[in-house]
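Colleague: Only the shape, not the letters, is given here:
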């Protein structure tokens, strides 16, 4: 009888921890110190709160209200056959000044021929007046004297993060207001 063949064992070497292994206590302590140093070095900036904000109440919001109108708010108002200014006055129980920014008019022009009626409404001389959402958010963060009228969920989520800025939107074929102190919208 012959000699039985033995298969070689691969990786039969005893496993050793690397000195840089994260499971070692020394390395864990070094990692914690490094994270604490980074946190200490991090520059923290708190946005300056305007003096018109008393807690979450905005003292700049007084009648006549200035309402910043978004593109889709105009479109949905036309689809629901709502008169823009009279509907806002019914919702706010006060005089309101609709403000249509240049970026909203540019967005309506970009949408083309289908939205020509909305463009005609936006260019109405009663409204003083290229991504409209960013433009509206930037204007509202700079000056908190506006109510933002929009039906866009993403824009409403962004505006809700800014304290003291009320939102107007369309619910059940009428305008509704959100976060306006001492005012109730008929719902």
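Modeller: Arrived safely. These figures come from a predicted structure and were not determined experimentally.
Colleague: My guess is residue 99 contacts residue 69. True?
Modeller: Yes: with contact defined as Cβ atoms under 8 Å, residue 99 counts as touching residue 69 (6.8 Å). In this view, the C-beta of every residue, glycine as well, is placed from N, C-alpha and C.
Colleague: Neighbour count for those two, which is higher?
Modeller: residue 69 (26 against 18; other Cβ atoms under 10 Å).
Colleague: could you measure that one against residue 31, distance?
Modeller: Distance check for residue 69 against residue 31: by Cβ to Cβ, to the nearest Å, it reads 52 Å.
Colleague: Which parts of the protein are helices?
Modeller: In the chain, the segments counted as helices under DSSP state H are 25-41, 71-79, 84-92, 102-111, 116-122, 132-142, 153-160.
Colleague: Rebuild those as a markdown table, extending it with distance to residue 178.
Modeller: Formatted as a markdown table, the helices of the chain follow (distance: least, Cβ to Cβ, whole Å):
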| stretch | distance to residue 178 |
| --- | --- |
| helix 25-41 | 36 |
| helix 71-79 | 13 |
| helix 84-92 | 11 |
| helix 102-111 | 20 |
| helix 116-122 | 23 |
| helix 132-142 | 14 |
| helix 153-160 | 8 |
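Colleague: Return the most buried member of these.
Modeller: Ranked by mean neighbour count, the helices of the chain are led by helix 71-79 with a mean of 21 (mean count of other Cβ atoms under 10 Å).
Colleague: what comes into contact with that one?
Modeller: The contact list for helix 71-79 (Cβ atoms under 8 Å, 6 or more residues apart in numbering) reads 83-84, 87, 100, 104, 107-108, 111, 115, 117-118, 121-122, 132, 149-152, 168-170.
Colleague: how about the helices of the chain, which one is nearest residue 49?
Modeller: Closest to residue 49 of the helices of the chain is helix 132-142 (Cβ to Cβ; 11.7 Å).
Colleague: Now do that closest one: everything it contacts.
Modeller: Here helix 132-142 has contacts from 68, 70-71, 101, 103-104, 106-107, 146, 148, 150, 152, 154-155, 158-159, 162, 165, using Cβ under 8 Å, 6+ apart.
Colleague: hmm, back to that, tell me which of the helices of the chain approaches residue 174 most closely.
Modeller: Smallest distance to residue 174 across the helices of the chain (Cβ to Cβ): 6.9 Å, for helix 84-92.
Colleague: Just want the angle from the closest one to helix 71-79.
Modeller: Going by axes from the mean of the first three to the mean of the last three Cα atoms, to 10 degrees, helix 84-92 is angled at 100 degrees with respect to helix 71-79.
Colleague: Contacts for helix 84-92 next, please.
Modeller: Contacts of helix 84-92 (Cβ under 8 Å, 6+ apart): 63, 65, 67, 69, 74, 77, 95-96, 98, 121, 126, 147, 149, 168, 174-177, 180, 183, 185-186.
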